[in-house]
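*Asks:* here are the coordinates; sequence isn't available:
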């Protein structure tokens, strides 16, 4: 888990709770993926549905390097 991706997930979660759109990270990056995953969980919380308050490892890990 990268610190930057974890931070992005938390930022996305907060944005989802506040119903704010617009990922600030470049598309396709680990941070963008984490932000979007966090945003989805924040939206669930905003709507009163069950959600996770922390990311799954797969949402914040670096993809494996290609050989």
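*Replies:* Right, received. Where do you want to start? Note that this is a predicted model, so its numbers are computed, not measured.
*Asks:* all contacts plus neighbour counts: C-alpha atoms, from now on.
*Replies:* Will do.
*Asks:* ok, and what's touching whichever helix in the chain runs longest?
*Replies:* When the chain is parsed with DSSP state H, its longest helix is helix 30-46. With contact meaning C-alpha atoms under 8 Å, 6 or more residues apart in numbering, helix 30-46 is reached by 4-6, 8-19, 23-27, 50-53, 55, 59-63.
*Asks:* and residue 27, which helix or strand is it part of?
*Replies:* Counting by DSSP states H and E, there is no helix or strand that carries residue 27.
*Asks:* so for it, what's the pLDDT?
*Replies:* On pLDDT, residue 27 comes in at 95.
*Asks:* what does residue 1 give?
*Replies:* With respect to pLDDT, residue 1 has a value of 54.
*Asks:* now swap in the one 10 residues further on and tell me
*Replies:* According to the prediction, residue 11 has pLDDT 97.
*Asks:* now it, what's its secondary structure?
*Replies:* helix (DSSP: H, G, I helix; E, B strand; the rest coil).
*Asks:* report the separation between residue 34 and residue 20.
*Replies:* 16 Å (C-alpha to C-alpha, to the nearest Å).
*Asks:* same deal with residue 49?
*Replies:* 18 Å.
*Asks:* what of residue 12?
*Replies:* For residue 12, the distance to residue 20 - C-alpha to C-alpha - is 9 Å.
*Asks:* neighbour count for these two, which is higher?
*Replies:* residue 12 (30 against 13; other C-alpha atoms under 10 Å).
*Asks:* so who does that one touch?
*Replies:* 23, 34, 35, 36, 37, 38, 39, 40, 42.
*Asks:* pipe the residues you listed into CSV and attach pLDDT and neighbour count per row.
*Replies:* Shown next, in CSV, are these (pLDDT from 0 to 100; neighbours: other C-alpha atoms under 10 Å):
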residue, pLDDT, neighbour count
23, 97, 18
34, 95, 29
35, 97, 31
36, 96, 23
37, 96, 21
38, 96, 32
39, 97, 28
40, 97, 19
42, 97, 27
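*Asks:* quick one: the longest helix of the chain to chain centroid distance?
*Replies:* 4 Å (C-alpha atoms, centre = their mean, to the nearest Å).
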